[in-house]
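> Sequence first, then the predicted structure, then my questions.
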Amino acid sequence: MEHFLLILLMALAIEAAAGYPPAIYQVLGHPVTWFGAMIAWLERRGNDASLSPPIRRRNGAASVLVLLTIVAAGASLLQYALGAGWLGLILSAVLASTLLAQRSLDEHVARVANALETGGL
């Protein structure tokens, strides 16, 4: 548990200091956008208005399970691949920092707030 908290604190510090590099975003996108695209795809496939409510609920639950499985499997594989020790902790924190969007969210919210304060969007 202590490693988890250390990785989390390090990831928050890295993301707050560096954010997500625009060059990487241009080439790869961002993990948050990947999940957004996956959720949108699952939504289109499983929440069609022509389906009955029980089927749509079942599809929603299955979608959550798919997303959780992808996250759990990916995290487990990365943790195994990175190994233990300080290098593994640092690499884990760097990778975990890419899953956060606090800096980008703060920048976007600040732009909207500024526009609202200075005359509208």
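Sure, I can see it. The structure displayed is predicted, hence computed values, not measured ones.

> so how many other residues sit close to G74?
Applying the criterion other CB atoms under 10 Å, we find 12 residues in the vicinity of G74. For the C-beta atoms, the positions are set from N, CA and C on the backbone; glycine is no exception.

> And G46, by the same measure?
In terms of burial, G46 registers 18 neighbours under the definition other CB under 10 Å.

> what residues are up against it?
When contacts are counted by CB atoms under 8 Å, 6 or more residues apart in numbering, G46 touches R56, N59, G60, A62, S63.

> Check V32 too.
Contacts here follow CB under 8 Å, 6+ apart; on that basis V32 touches L99, A101.

> before we move on, back to that, with secondary structure and neighbour count added, can I get the contacts of G46 in CSV?
Supplementary listing: these in CSV, determined by DSSP: H, G, I helix; E, B strand; the rest coil; neighbours: other CB atoms under 10 Å:
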residue, secondary structure, neighbour count
R56, helix, 15
N59, helix, 17
G60, helix, 14
A62, helix, 12
S63, helix, 18
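
> Just the element for the residue nearest the centre of the chain, please.
With the centre of the chain defined as its mean C-alpha position, the nearest residue by CA atoms, centre = their mean is V32, 3.7 Å away. Counting by DSSP states H and E, the element that carries V32 is helix 31-46.

> What's the mean pLDDT across that helix?
If you average the pLDDT over helix 31-46, you get 92.

> How far off centre is it?
Offset of helix 31-46 from its chain centre (CA atoms, centre = their mean, to the nearest Å): 12 Å.
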